[in-house]
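[1] Here is the input, now give the coordinates:
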Amino acid sequence: MVAIAAMLVTITANAQTESNVRQNDELKSFPAQFSIYFPFATHGSQSIDYTYNFSLNLFYGKVGGLNGMEVSGLVGVVEKSVNGIQIAGFASVVGDEMKGSQIAGLASVAGDNMKGLQIASLASIVGDEMKGSQIAGLASIVGDNMKGLQMSGFASIVGDEMKGLQMSCLTSVVGDNMKGWQMAGLANVTGDEMKGLQIAGIYNRGGDVTGLQIGVCNRTKILKGLQIGIVSVNDTIEKGGSLSLVNIVKRGFYREWELSFADYANVALNYRMGTQKLYTIYTVGANFIEDNLWIVGLGFGNRTSIGNRLDFRPELVSYNYYPTNLKNVQSTFSTHLKFGFVYNVSEKIGLSLTPSVYVTKSNLESGSEHYKVSPFDAFYTHEKDNNRTTIGVGVSLGLCLR
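    Sure thing, here's the model as predicted:
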C-alpha cells in the first residue's frame, strides 16, 4: 500500500511540475493518439505538447490535454486540463483542471479543480475545489472546497468548506465549514461551523453547530439546535438543547439534587444536569406504602422563572419498578408528564410541588400479580392477555438543592 501511494504521489507531482512549466504554452491539437508505454506513443515524448480528442494507452500514457475520452490499461496522465471522460485500470491523473468523469480501478487524481464525477476503488483525490460527486472505496479527499456528494468506505475529507452530503463508513472530516449532511460510522469532525445534520455511530465534533447532531458522544463549542446522544459536551448552548444521558455544558451549566416524596415514588433522590432550558433527570428511589419496590427513572425537563421566587418546571420522566428482592421481576414502567412548581427559598434551596399525569404499562408473568405502584386508584384500567395499562394522576413534594 505504501509503494502504491508513493507511486501515485510521484506521478501526480511530475504531472503538475511539467504542467506548470508550460502552463502558458498553447498545446497543439490532434484527433487521436495511441501509446504502449510512454514515450512509445503516436507522437513519442512530444505527446505532452498535444491535446487529443481520443487517447488510448495500452499500459501507461501521458498527454498534454484531453477534449474527449481517454482509456488506459494501467495509468493515464493528462498534464493540463481534461474536458470529457478519463478511464484507467489503475490510475487516472489530471495535473490541472478536470471537467467530466474520471474513473479508475485504484485511484483518480485531479491536481487542481474538478467538476463532475470522480470514482475509484481506493482513493479519489482533488487538490483544490470539487463540484459534483466523489466516490471511493477507501478515501475521498478534497484539498479545498467541496460542493456536492462525497462518499467513501474509510474516510471522506475536505480541507476547507463542504456544501452537500458527506458520507463514510468510518470518518468524515471537514477542516472549516460544513453546510448539509455529514454521516459516518465512527466519527464526524468539523473544524469550525456546522449547519445541517451530523450523525455518527460514535463521535461527532463541531465548532459552531446549527442543526441536528446525533451520536454516542457529541462535542461542540457552540450549539444552536438539537443534540441527541449518550454523552454530550458543549462549551455553550445558545439555542435549542441536548437530549443526552450525560449532558455537560461549560457555560450556563445547571445541576440540582432533589429529595422527593410521592405516591408513585415514596422516597426518591433526583439529579438534574444540563441547562435550565433542557436538562436530563436521573432518579433512584423506593416504594414501601404498598408493594416493596426499587425505582429507577430517566427523563428530561425545563425550568423557567415565572415570578420573583417561583419557577415552572415541566418534565417528562419514565420510571421502572423492581421488587426489592429482585425475584420474579415483571416488566412495569410508568411515564409521567409533570407540571411542577419550585419556590426558591434562597439562591440554592427550593421547595417543589409537582402534580403529574401518568400512564403505567405492565406485563404479568403467569401466576404473578401486578405491582401496585401507588396507593391512589387509577381512573382508567385496561387488561388484556396479561398486559395492563393504567392512567392516573400523582403528586410529589420535594426539597431542592442547587
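
[2] Who are the contact partners of the residue most central in space within the chain?
    Centroid-nearest residue in the chain, with CA atoms, centre = their mean: residue 199, separated by 2.1 Å. Taking CB atoms under 8 Å, 6 or more residues apart in numbering, we find residue 199 in contact with 181-184, 188, 213-215. (Each C-beta comes from the backbone N, C-alpha and C, glycine too.)

[3] How much space separates it from residue 180?
    Remark: distance between residue 199 and residue 180 (CB to CB, to the nearest Å) = 12 Å.

[4] what's the domain layout of the chain?
    Annotated domains of the chain cover 7-227, 254-401 [automatic domain parsing].

[5] who wins for proximity to residue 242 among the ones you listed?
    domain 7-227 (4.0 Å; CB to CB).

[6] quick one: that closest one to chain centroid distance?
    Relative to its chain's centre, domain 7-227 lies at 23 Å (CA atoms, centre = their mean, to the nearest Å).

[7] What segments of the protein are helices?
    2-21 (DSSP state H).

[8] which residues of it score low on pLDDT?
    In the predicted model, the chain carries pLDDT under 70 at residues 1-25, 365-368.

[9] longest strand of the chain?
    strand 203-249 (DSSP state E).

[10] Give me the helices and strands touching that strand, please.
    Counting contacts by 3 or more CB pairs under 8 Å, 6 or more residues apart in numbering; DSSP states H and E, strand 203-249 is packed against strand 187-190, strand 193-200, strand 267-274, strand 279-287.

[11] Swap in 6 Å and give it another go.
    strand 187-190, strand 193-200 (3 or more CB pairs under 6 Å, 6 or more residues apart in numbering; DSSP states H and E).

[12] Show me what the shortest one is packed against.
    In terms of contact count using 3+ CB pairs under 6 Å, 6+ apart, strand 187-190 is assigned the packing partners strand 171-174, strand 193-200, strand 203-249.

[13] how about stretch 261-274: buried residues?
    262-266, 268, 270, 272-274 (16 or more other CB atoms under 10 Å).

[14] Need these in JSON lines (columns: distance to residue 316).
    Listed next are those as JSON lines, based on distance: CB to CB, whole Å:
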{"residue": "262", "distance to residue 316": "15"}
{"residue": "263", "distance to residue 316": "18"}
{"residue": "264", "distance to residue 316": "14"}
{"residue": "265", "distance to residue 316": "15"}
{"residue": "266", "distance to residue 316": "21"}
{"residue": "268", "distance to residue 316": "16"}
{"residue": "270", "distance to residue 316": "14"}
{"residue": "272", "distance to residue 316": "13"}
{"residue": "273", "distance to residue 316": "16"}
{"residue": "274", "distance to residue 316": "14"}
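
[15] coming back round to it: okay, and the beta partners of the residue nearest to the centre of the chain?
    residue 183, residue 214 (DSSP bridges).

[16] What of residue 384?
    residue 387.

[17] please renumber so the chain begins at 2
    Will do, 2 is the new start, and the previous item becomes residue 385.

[18] Give the burial count for it, as a bare number.
    By other CB atoms under 10 Å, 7 other residues sit near residue 385.

[19] Equivalent analysis for residue 338, please.
    14.

[20] Residue 360 versus that one, what's the distance?
    Applying CB to CB to residue 338 and residue 360 gives a distance of 9 Å.

[21] do the same with residue 130
    55 Å.

[22] Of these two, give the one with the bigger neighbour count.
    residue 130 (20 against 16).

[23] Show the contacting residues for the more buried one.
    114, 145-146 (CB atoms under 6 Å, 6 or more residues apart in numbering).

[24] on that earlier part again, now distance to residue 134 too, for the helices and strands packed on strand 188-191, in JSON lines please.
    JSON lines is the format used below for these (distance: least, CB to CB, whole Å):
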{"stretch": "strand 172-175", "distance to residue 134": "15"}
{"stretch": "strand 194-201", "distance to residue 134": "18"}
{"stretch": "strand 204-250", "distance to residue 134": "23"}
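
[25] right, so those strands: which one is the most enclosed?
    When the helices and strands packed on strand 188-191 are scored by mean count of other CB atoms under 10 Å, the highest mean neighbour count falls to strand 172-175 (a mean of 26).

[26] for that one, packing partners?
    Packing partners of strand 172-175 (3+ CB pairs under 6 Å, 6+ apart): strand 156-159, strand 179-185, strand 188-191.

[27] Identify all contacting residues around that strand.
    So strand 172-175 is in contact with 156-159, 163, 167, 183, 185, 187-191, going by CB under 6 Å, 6+ apart.

[28] do stretch 58-71 as well
    Residues contacting stretch 58-71 (CB under 6 Å, 6+ apart): 28, 36-39, 48-56, 73-87.

[29] mind listing what's buried in that stretch?
    58, 61-67, 69-71.

[30] Residues in a beta bridge with the closest residue to residue 150 other than its chain neighbours, which ones?
    Leaving aside its sequence neighbours, residue 150 sits nearest to residue 134 (CB to CB, 6 or more residues apart in numbering; 4.4 Å). Applying DSSP bridges to residue 134 gives these bridge partners: residue 118, residue 150.

[31] pretty sure residue 134 contacts residue 118?
    Yes. Look at residue 134 against residue 118 with CB atoms under 6 Å: they come within range, at 5.0 Å.

[32] about what we covered before: closest one of the contacts of residue 200 to residue 348?
    Checking the contacts of residue 200 against residue 348 by CB to CB gives residue 214 as the nearest, at 32.7 Å.

[33] Make a PyMOL selection of the buried ones in the contacts of residue 130.
    To isolate in PyMOL the members of these that are buried, counting by 16+ other CB under 10 Å, one can use:
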select buried, resi 114+145+146
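
[34] so which of the domains of the chain is the most packed in?
    Taking mean count of other CB under 10 Å, domain 8-228 is the most buried of the domains of the chain, at a mean of 21.

[35] if we can go back for a sec, tell me which of the buried residues of stretch 58-71 fall in strands.
    58, 61-64, 66-67, 69-71.

[36] Would you mind giving those residues as JSON lines with distance to residue 245 added?
    What follows is these, written out as JSON lines (distance: CB to CB, whole Å):
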{"residue": "58", "distance to residue 245": "55"}
{"residue": "61", "distance to residue 245": "54"}
{"residue": "62", "distance to residue 245": "55"}
{"residue": "63", "distance to residue 245": "55"}
{"residue": "64", "distance to residue 245": "56"}
{"residue": "66", "distance to residue 245": "54"}
{"residue": "67", "distance to residue 245": "52"}
{"residue": "69", "distance to residue 245": "55"}
{"residue": "70", "distance to residue 245": "52"}
{"residue": "71", "distance to residue 245": "52"}
